[in-house]
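Q: Give me the fold of what follows.
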Amino acid sequence: MIDGSTAFGLAGAAFGAGVLNAIAGGGTFLTLPALVFAGLPMVGANATSAAAVMPGYVGGAIGFWKEMLLIDRRRLVIMTIVTAVGGVAGAALLLITPDKAFKVLIPWLLLFATLLFAINARPKKPRVGVHSNSAMNANDTAPVRRAWHSAALGAVAAYGGYFNGGLGILLMAVLSAKRSLSLNTVNGLKNYLSALLSLISIVVFAYAGIVNWRVAAWMMGFSMLGGFVGARLAKRLPARMVYAIVVLTGLGMSAVFFGRL
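A: Down below sits the predicted model:
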């Protein structure tokens, strides 16, 4: 059983994760440590965290629904399939990773995701307008570019299936390579693919019996609420503020987990 203060902390972590994931990513930096501190083993905490944050991604995707409707359907189907295959591969890899080994990997994965975000997500001038989201431009439709994009998306999906930390950050980096997509469309697509990837991982983790459903169910509602709030804030909150929050949270949690080795 989880006491009142722990339950309150998990609810706050889930809500904060929903907000962060809808805006940029990095929500797992809140939920994973909270679950570990609540007493869950590393692998079980990662699986439960994936279940807890999934509704937040759904809330974030709904918040960008108008922008999502502008995405070319054929490309969306291809990205969905690639993400699904990569997610299954990553989740399966987690199942054969010993808990002790995963405990050693966690701080390095957290640090890697944080540094990647710090390098690739530095606030830039926002793109103006929606652009031609109905299809990709000439460069986007080139066979080599399509193949590169699918390979990069598959690799990120496998990473996300194995470890959810920094997933939104990595997806934003890959999806932003499509210059025909506006920033808001990229954000909505990121949330949609993250929700899909989390759902696939949850199915695999549930089959293996490593999800703590009592804890996950408690956190899911707060995560979805955070996703709705985050989608609204994404269009108003200064990018530099979000950037600083995610980087500082990631570095702090990396330090904590290195200290627990």
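Q: max-length helix in this structure?
A: Counting by DSSP state H, the longest helix found in the chain is helix 183-208.
Q: what's the distance between that helix and the middle of its chain?
A: The chain centre lies 7 Å from the centre of helix 183-208; the measure is CA atoms, centre = their mean, to the nearest Å.
Q: What mean pLDDT does it get?
A: The average pLDDT for helix 183-208 rounds to 86.
Q: my read: A7 touches W218, true?
A: Yes: between A7 and W218 there is a contact at 6.5 Å, judged by CB atoms under 8 Å. Using the backbone N, CA and C atoms, a C-beta is placed for each residue, glycine as well.
Q: got a list of what the residue lying closest to T80 once chain neighbours are set aside touches?
A: Among residues not flanking T80 along the chain, L196 sits closest, at 6.4 Å (CB to CB, 6 or more residues apart in numbering). L196 makes contact with 80, 83-84, 87, according to CB atoms under 8 Å, 6 or more residues apart in numbering.
Q: in the stretch 51-200 of the chain, what spans have low per-residue confidence?
A: By pLDDT under 70, the weakly predicted segments of the stretch 51-200 of the chain are 120-142, 144, 177-181.
Q: the helices in it, which residues?
A: Assigned by DSSP state H, counting those that start in this stretch, the stretch 51-200 of the chain shows helices spanning 65-68, 73-95, 99-120, 138-141, 143-162, 167-175, 183-208.
Q: Tabulate those helices (CSV), appending distance to G250.
A: Below are the helices of the stretch 51-200 of the chain laid out as CSV (distance: least, CB to CB, whole Å):
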stretch, distance to G250
helix 65-68, 27
helix 73-95, 20
helix 99-120, 3
helix 138-141, 30
helix 143-162, 15
helix 167-175, 9
helix 183-208, 17
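Q: What distance do you get for the residue nearest to T80 to R214?
A: The gap separating L196 from R214 is 25 Å, by CB to CB, to the nearest Å.
Q: One more: L94?
A: L94 sits 21 Å away from R214 when distances are taken as CB to CB.
Q: quick one: which of the two has more around it?
A: L94 (20 against 10; other CB atoms under 10 Å).
Q: ok, now how distant is the more buried one from V211?
A: To V211, L94 is 12 Å away according to CB to CB.
Q: anything in contact with each of these two?
A: Joint contacts of L94 and V211 (CB under 8 Å, 6+ apart) are 47, 205.
Q: Near F8, how many other residues are there?
A: If you count neighbours by other CB under 10 Å, F8 ends up with 11.
Q: Could you say which helix or strand holds it?
A: Taking DSSP states H and E as the criterion, F8 maps to helix 4-23.
Q: Next, the buried residues of that helix.
A: 9-11, 13-23 (16 or more other CB atoms under 10 Å).
Q: Please apply the same query to stretch 200-219.
A: Within stretch 200-219, the residues that qualify as buried are 200-202, 204-205, 210-212, 215-216, 218-219, counting by 16+ other CB under 10 Å.
Q: Same check on stretch 106-113?
A: Using 16+ other CB under 10 Å as the test for burial, stretch 106-113 gives 106-107, 109-113.
Q: thinking again about what came up before, now, which of the buried residues of helix 4-23 sits nearest R240?
A: Distance ranking of the buried residues of helix 4-23 against R240, using CB to CB, places I23 first at 12.4 Å.
Q: if I pick the residue nearest to P41 when sequence neighbours are not counted, what's in contact with it?
A: Once flanking residues are discounted, P41 sits nearest to D99: 5.4 Å by CB to CB, 6+ apart. Counting by CB under 8 Å, 6+ apart, D99 makes contact with 41-43.
Q: and if you look at A158?
A: 86-87, 89-90, 93.
Q: among these, who's most crowded?
A: Neighbour-wise, the contacts of A158 (other CB under 10 Å) top out at G87, 28 neighbours.
Q: my guess is that one contacts V156, does it?
A: No: under the criterion of CB under 8 Å, G87 is not in contact with V156, lying 9.9 Å apart.
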